Structure formats: C-alpha cells, structure tokens
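[1] 3D, please:
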Amino acid sequence: MADSGGLGAGAGPGAALGVLRAPLALLALGLGAYCLCALPGRCPQVARVPTPAPAPAQAPVAHRLTLASGPGRRRFPQALIVGVKKGGTRALLEFLRLHPDVRALGSEPHFFDRCYERGLAWYRSLMPRTLDGQITMEKTPSYFVTREAPHRIHNMSPDMKLIVVVRNPVTRAISDYAQTLSKTPGLPSFRALAFRHGLGPVDTAWSAVRIGLYAQHLDNWLHYFPLSHFLFVSGERLVSDPAGEVGRVQDFLGLKRVVTDKHFYFNATKGFPCLKKSQGSNRPRCLGKSKGRPHPRVPQAVVQRLQDFYRPFNRKFYQMTGQDFGWD
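    You can find the predicted model right below:
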C-alpha cells in the first residue's frame, strides 16, 4: 500500500516542489509579518484643542483672552526617558506621573527617531502645559538605539537629563519576542531568529538582540552628553523595589521624594508592582494586559548561549556606568 503521508505513486517533481513550497511560504509570511511589526510607525497626531468661536463684538477683551488661553504653557522637555524597549519605561513613566511637579506626555512621540522632519514647533505642540517649577517629560524607548537621536536632542537642549531603564538583555530579548509573537502568532521560533544556522553565531541584525548591546549604544550617546546627564534605572529593581528606584529618579530630577512606598503594592497575579492610587483617581491601577505577559518557553541551551554572548558587553556597560546590574 502507498504511504498516506507520501506524494503518491503518480506524483511527479512538480508535486514535490508544491509540498516543499508550502512550509517555505509559511516561513516567509511569518518573517514578513515580523518585519512589518519592526518597521517604524507613523508619527502621532497632534491633539488639537478646538479653536473657540469668535467672540461677539461687544464681549470685553478679557473674556476673549480667557477663551484662547489655558494654565501654564507648552515647553520642550527637560528630561527624557530614552530607553530601553521592554525594560520598564512605561512603568517608570506611570509611577512618575503621580508626582505633582511632573507633567508627561502619555504616548510616545518618536520625534527624534521617526518624526524629526516635522520640526521643533510640532514637537513642542505635543507637550502638556506646565506651570513654573514643573518638569515636562516624554518617553520613547527607541531613542536609545537610534544613532541620530543623541545629536538631535543635544541640538535642542545640551542640558537634557536622560533616563535609561535597562534590564538583563537576555530576558529583555525574550520579552521583546513575546510582545511581537502576541501580535504575529506565525513567527519563527525565538531560537531561529536569535541565531544563524541553528545554534551558530548570534544574529545581531535582529533588533531584539541588538537592543541589548547597551555599551555600544551608550558609547554613541557619550559623544554628545557627559555621563552626569544620565541616570540608569534597573528594570529588575523597578519590580522588586519600585519606591527605591523611583526615589533615585526623583533625586536625579531635583524633585522632592513625593512618590514613596505608600503608593505601591505587589500584584502576585501579574508578578508586578501596581499603584494603590493612579493619576487623577483614588482607585488602584495596574499597567495594561500587555505588561507582565507570560514568556514563551526558550530552551536553556539558547538562554545560556545568549548569556555568554552578552557577558563582555554587560561588563563593559558596568564599567561605563559605574553600576553592576548583576546580570552575570
């Protein structure tokens, strides 16, 4: 009897090629979808406040000015969370927004990587209004790995304070992959993307791997900003001791330590700290479902190979920053 899993007696070379093409086509679709997810997105739309209708001719001038103005003014940021993706930047931003003297843009503007041609006036128009003494902030994690970003930021403000949230580059890469996999279920395995030829050389062309080369990216920034302009936040300690890490950030920004341990509780289900009170509300709030998502199982041999690969880069990063993050 013919093997039901074979091509059949009457199948020729064309049928064999058809069978081979099917898995190749699926692989191509998966890689194509991943590439699309990795492409830069569009610039965010500016939230426009509707222009008030012209005041009647008899209305007093003071009334017309009240309609056209609001408290504070839009300023360029004095501090930026510039990286890294899947390091804990969203958590840090939400924790800092509890501080009354911090005003932060909720979305990522991507000005210094994707939207620079729109100009500084456009960028400033995105910012929330602030009063004197308040700090304007935004966070876009891809700035840290964008080669042009340091020069562009320096041109706007050479005194900028820069915050980098870093995390073990191996777990960061797996988390990055998990995020993309949730949007593109047909992706190749983590191992297939992280290495060439099985467990051959690590593929640093893959962004999930390349982002974790922190020392290389920081070297680019140090051509424009001194180390004193940076604060490096541990993504691991942001989970285990959020009040301690946020306290360091408040000190760095010259703010009173208003956000303290009384603001946090640990959510055992998510495995992540949550806020007892969120901004503008008295109700507890955790970050969205995308935060703390389970990671796919990655073979230990793959994890070990990546740990060995990153070790010299990690040690160089420790030397550059004067901090041992304990990843090795």
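
[2] residues contacting His151?
    Tyr224 (Cβ atoms under 8 Å, 6 or more residues apart in numbering). Where C-beta positions appear, they are placed from N, C-alpha and C, glycine not excepted.

[3] Report the buried residues of whichever strand or helix holds it.
    If you go by DSSP states H and E, His151 is part of helix 149-156. Within helix 149-156, the residues scored as buried using 16 or more other Cβ atoms under 10 Å are Ala149, Pro150, Arg152, Ile153, His154.

[4] tell me which of the residues you listed is nearest to Asp328?
    Using Cβ to Cβ, Pro150 comes nearest to Asp328 of these, at 27.1 Å.

[5] Pull the number of nearby residues for Leu227.
    12 (other Cβ atoms under 10 Å).

[6] before we move on, the earlier item: how about exporting the helix holding His151 as PDB, limited to the C-alpha atoms?
    C-alpha atoms of helix 149-156 as PDB (Å, rounded to 0.1, in the frame of the first residue of the first chain):
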ATOM      1  CA  ALA A 149      18.900  60.800  18.400                       C
ATOM      2  CA  PRO A 150      21.700  62.000  20.700                       C
ATOM      3  CA  HIS A 151      22.900  64.600  18.200                       C
ATOM      4  CA  ARG A 152      19.300  65.800  17.600                       C
ATOM      5  CA  ILE A 153      18.500  66.000  21.300                       C
ATOM      6  CA  HIS A 154      21.800  67.800  22.000                       C
ATOM      7  CA  ASN A 155      21.000  70.400  19.300                       C
ATOM      8  CA  MET A 156      17.600  71.100  21.000                       C
END
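
[7] And the next helix or strand past it?
    By DSSP H and E, the next helix or strand past helix 149-156 is strand 161-166.

[8] Taking the buried residues of helix 149-156, tell me the two that lie furthest apart.
    Ala149 and His154 (9.4 Å).

[9] picking up where we left off before, export the buried residues of helix 149-156 to TSV and tack on distance to Lys270 and pLDDT?
    Rendered in TSV, the data for the buried residues of helix 149-156 read as follows (distance: Cβ to Cβ, whole Å; pLDDT from 0 to 100):
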residue	distance to Lys270	pLDDT
Ala149	31	98
Pro150	34	98
Arg152	36	98
Ile153	33	98
His154	38	98
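
[10] Now Val239: which helix or strand?
    helix 235-240.

[11] From the contact counts, what lies against that helix?
    When contacts are defined as 3 or more Cβ pairs under 8 Å, 6 or more residues apart in numbering; DSSP states H and E, helix 235-240 packs onto strand 161-166, helix 242-252, strand 272-275.

[12] Could you tell me the least trusted of these?
    Ranked by mean pLDDT, the helices and strands packed on helix 235-240 bottom out at strand 272-275, which scores a mean of 88.

[13] Show me the contact partners of that one.
    91, 94-95, 98, 238-239, 242, 263-267, 284-287, 291-292.

[14] Among these, which lie within helices?
    Counted as lying in helices by DSSP state H, out of the contacts of strand 272-275, are Ala91, Glu94, Phe95, Leu238, Val239, Pro242.

[15] Return the member of the residues you listed nearest to Tyr143.
    Using Cβ to Cβ, Ala91 comes nearest to Tyr143 of those, at 17.5 Å.

[16] Which positions in stretch 74-87 come out as buried?
    Arg74, Pro77, Gln78, Ala79, Leu80, Ile81, Val82, Gly83, Val84, Lys85, Lys86, Gly87.

[17] Settle this for me: the fourth one is touching Ile135, isn't it.
    So the one you mean is Ala79. Yes: in this structure, Ala79 is within contact of Ile135 by Cβ atoms under 8 Å, at 6.0 Å.

[18] Alright, that wraps it up for me.
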